[in-house]
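In: just coords:
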């Protein structure tokens, strides 16, 4: 960064730094938009898993009804039929667990994306007002500091949230299933 005769940063360099900060905020905001799209795809997967769950339960229920209607004297055949029913139920339970897990992950990510997009939006709003004295570095530096403060506040807000993933290794990546 070059300085003027008084030893202060040059306004041109300060303006370039402010522009770079705007570019960073816009890029982060665009990447968060991609993340939001990924969350939408995850929700579609969750709907698909829920559909599989319903199909599995329906299949198990149909098998039970069919088994009750039939009058079988052969216990081995009856045991095989109930084995099929149990397979359907176990499959349904697996889908139920994935449904719960994916739902929790989506909720956590939605919260993070929303908060960061909000703070990045605020930071970008701070970049909009015109600079009264574009030849002086102080206003550019002040604008950059306010934008950085806003972005850092967004990061801290995520870190301070009690529902955010824990930072200690013991609980890292843990998700409650039920």
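Out: Here it is on my side, so go on. None of the values given here were measured: they were computed from a predicted structure.
In: now the lengthiest helix in the chain, how far from the centre of its chain.
Out: Ranked by residue count under DSSP state H, the longest helix found in the chain is helix 11-69. Averaging C-alpha positions (C-alpha atoms, centre = their mean, to the nearest Å) puts helix 11-69 7 Å from its chain's average.
In: Can you name the element that comes right after it?
Out: Next along the chain after helix 11-69, taking DSSP states H and E as the criterion, comes helix 75-126.
In: Which strands and helices lie in contact with that following helix?
Out: Contacts defined by 3 or more C-beta pairs under 8 Å, 6 or more residues apart in numbering; DSSP states H and E place helix 75-126 against helix 11-69, helix 137-160. (Glycine included, C-beta is placed from N, CA and C.)
In: related to what we said a few turns ago, would you mind pulling up the elements that the longest helix of the chain packs against?
Out: So helix 11-69, by 3+ C-beta pairs under 8 Å, 6+ apart, packs with helix 75-126, helix 137-160.
In: Any buried residues in the shortest one, and which?
Out: Of the residues in helix 137-160, those with enough neighbours to count as buried (16 or more other C-beta atoms under 10 Å) are 137, 139, 140, 141, 143, 144, 147, 150, 151, 154, 158.
In: Does residue 88 touch residue 59 like I think?
Out: Yes. Using C-beta atoms under 8 Å, residue 88 is in contact with residue 59, at 4.6 Å.
In: residues contacting residue 43?
Out: Taking C-beta atoms under 8 Å, 6 or more residues apart in numbering as the contact definition, residue 43 lies against residue 106.
In: confidence score at it?
Out: In this prediction, residue 43 carries a pLDDT score of 82.
In: which residue is nearest the centroid of this structure?
Out: residue 109 (1.9 Å; C-alpha atoms, centre = their mean).
In: Please give the number of neighbouring residues around the nearest residue to that one once chain neighbours are set aside.
Out: Nearest residue to residue 109 in three dimensions, chain neighbours excluded: residue 39, at 5.5 Å (C-beta to C-beta, 6 or more residues apart in numbering). Per other C-beta atoms under 10 Å, the neighbour tally for residue 39 reads 17.
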